[in-house]
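Asker: What follows is a predicted structure for the sequence shown.
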Amino acid sequence: MKPFLQSVQSHNNLAVNESLNKLYLFEEEYENLSHSVKHNDNFDQLALAKECEMHELIEFRRIAAFLYRKNKKY
């Protein structure tokens, strides 16, 4: 399922972006998540930031900071 979602993510579909971002978070693939949030904006950015802000890996906390900054929610 993951390769299919990655192949259609370029359409910037809400359901695809949400699914992939949750999958990347679950699998702790911060590089893919970072790329996803920078290149696709059709997802609930503040909800994802909230999920990432307390993660044990600092890379996910950086993604949360990026999303908060992008949405001007300091």
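Answerer: Good, I have the coordinates. None of these values were measured; they are calculated from a predicted model.

Asker: Leaving out chain neighbours, which residue sits closest to Lys38?
Answerer: Leaving aside its chain neighbours, Lys38 sits nearest to Phe66 (7.8 Å; criterion: Cβ to Cβ, 6 or more residues apart in numbering). Placement of C-beta: from N, CA and C, glycine included.

Asker: Pretty sure the one you found sits against His35.
Answerer: No. Applying Cβ atoms under 8 Å as the test, Phe66 and His35 come out as separate, 11.8 Å apart.

Asker: So which of the two has more stuff around it?
Answerer: Phe66 (16 against 13; other Cβ atoms under 10 Å).

Asker: Quickly find the element holding the more buried one.
Answerer: helix 58-70 (DSSP states H and E).

Asker: ok, the closest residue to Asn32 other than its chain neighbours to Arg61 distance?
Answerer: Distance criterion Cβ to Cβ, 6+ apart; nearest residue to Asn32, sequence neighbours excluded, is Tyr24 at 4.8 Å. To Arg61, Tyr24 is 15 Å away according to Cβ to Cβ, to the nearest Å.

Asker: Compare those two and say which is more crowded by neighbours.
Answerer: It is Tyr24, of Tyr24 and Arg61, that has more neighbours when counted by other Cβ under 10 Å, with 22 against 16.

Asker: Beyond the helix or strand containing the more buried one, next helix or strand please.
Answerer: Per DSSP H and E, Tyr24 falls inside helix 14-26. Going down the chain from helix 14-26, the next helix or strand is helix 30-39, by DSSP H and E.
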